[in-house]
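[1] Kindly generate the corresponding structure for this input.
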Amino acid sequence: MNGQRTALVLGGGGITGIAWEVGVLAGLAEAGVDLTGADLVVGTSAGSVVGAQLTSGADLEMLFARQLEPPTGEQAARMTRAALARYAWAVLRSRGDDVGFRRRVGALAIAAEQAGLTPTEQERLDVISSRLVSREWPDRDLRVTAVDAQSGEFRVLDRTSGVPLLQAVAASCAVPGVYPPVTIDGRRYVDGGMRSAANADLAEGYDRVVVLAPIPRGVGPLASVDAQVTGMVARVAVVSPDEAARRAIGRNVLDPAARAGSARAGRAQAAGVAAEVAEVWQG
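    Now for the predicted structure:
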C-alpha cells in the first residue's frame, strides 16, 4: 500500500445492517479485496458490532454463516408510534442544534426505559455479548461511537478509553426508544448514530477510505455520508445497499427474520462494486 493509511468505516443499520455489511465484506474478500486489515476501523451502531468482530480476528466466512442461521429466540423490535412522534419532534426542534437534538433523543431513550418499553440493560448486554467473538479490546485501532444521553456529547471510544468493549458496543447500538441506554462510568449512553449514521468524518486524515453505509442519508441534524466525505483529501469509496439489498432488508431493520436475506444480498452486491473498491483500496 506504499505506506498509505487505510480506514474502513462501518455505519449503522440495525440487525439487517450487520448482516449486509458482513455479506459485502465476505463478497469483497472473495473477489480479492480484503478490507479487514484496515489501519483504522470506525464502527457506529451495527457497524460497531461488525468492527469489533473483524478486529478481534473473526473469520469472514464464519461471520457470514452466522447471519444465515435461523433467528430462533430473537424477536423483531421496532420503535413505537409514540417514540417515533417524539423523535420527529426532536428533529423539528433541533435544526442547526446537533447537541440539542442528541439531548432530546437521549431523554426519549431514558423515558422509554423508565416506562418499561425496552429490555433491561442486562438483557441487552447479554444480546450484544452473544454477537461478539471477544469481550477484550483488540490490539487494533477500533473506534466505537456513542452519545451521552443527558449532555448530548458525542464520544469516540477505543482501547485507551477505559470503557469495556462490551459496554462500548452496546452503547453504540442503543437505539433510543427501542433499547435501553447503557451505563458507562455512571453516565447513560445511546446510539452513536444519533450524530451520523456512519460518522465517516472520523476517517479524516487517512489516505484510502471505504465506507459501508446501510443508511447513507442524513435526516434533520444527522449528517449524511456524502456530506462527511466531501472534501476529504483521500481516495474514498462509499457502498450502500443496492435495490436488491434494499428489498431484502425490508422496512424493519430490527427484524432478525430479514438477516439471512440481507447477508446474501450484500454478498451478491459485492461483485458489482469490487472493482470500484479495489481502485480505492489497492489502486
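[2] which residues of this structure fall in strands?
    Assigned by DSSP state E, the chain shows strands spanning 6-10, 40-43, 141-148, 154-157, 182-184, 187-191, 208-212, 235-239.
[3] For the shortest one, name the packing helices and strands.
    Yep, that's strand 182-184 we're talking about. helix 121-131, helix 165-172, strand 187-191 (3 or more CB pairs under 8 Å, 6 or more residues apart in numbering; DSSP states H and E). The C-beta positions use only the backbone N, C-alpha and C, and glycine is treated the same way.
[4] can you pull the buried residues of it?
    V182, I184 (16 or more other CB atoms under 10 Å).
[5] picking that back up, output the strands of the chain in JSON lines; the columns should cover distance to R246 and mean pLDDT.
    Formatted as JSON lines, the strands of the chain follow (distance: least, CB to CB, whole Å; pLDDT from 0 to 100):
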{"stretch": "strand 6-10", "distance to R246": "18", "mean pLDDT": "98"}
{"stretch": "strand 40-43", "distance to R246": "22", "mean pLDDT": "98"}
{"stretch": "strand 141-148", "distance to R246": "24", "mean pLDDT": "98"}
{"stretch": "strand 154-157", "distance to R246": "28", "mean pLDDT": "98"}
{"stretch": "strand 182-184", "distance to R246": "30", "mean pLDDT": "98"}
{"stretch": "strand 187-191", "distance to R246": "21", "mean pLDDT": "97"}
{"stretch": "strand 208-212", "distance to R246": "14", "mean pLDDT": "98"}
{"stretch": "strand 235-239", "distance to R246": "13", "mean pLDDT": "96"}
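[6] can you redo those strands as JSON lines with distance to D59?
    JSON lines is the format used below for these (distance: least, CB to CB, whole Å):
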{"stretch": "strand 6-10", "distance to D59": "17"}
{"stretch": "strand 40-43", "distance to D59": "16"}
{"stretch": "strand 141-148", "distance to D59": "17"}
{"stretch": "strand 154-157", "distance to D59": "25"}
{"stretch": "strand 182-184", "distance to D59": "28"}
{"stretch": "strand 187-191", "distance to D59": "28"}
{"stretch": "strand 208-212", "distance to D59": "18"}
{"stretch": "strand 235-239", "distance to D59": "21"}
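[7] Any figure for the gap between V210 and G272?
    15 Å (CB to CB, to the nearest Å).
[8] Which of those two has more residues huddled nearby?
    With neighbours defined as other CB atoms under 10 Å, V210 and G272 compare such that V210 has more, 27 against 13.
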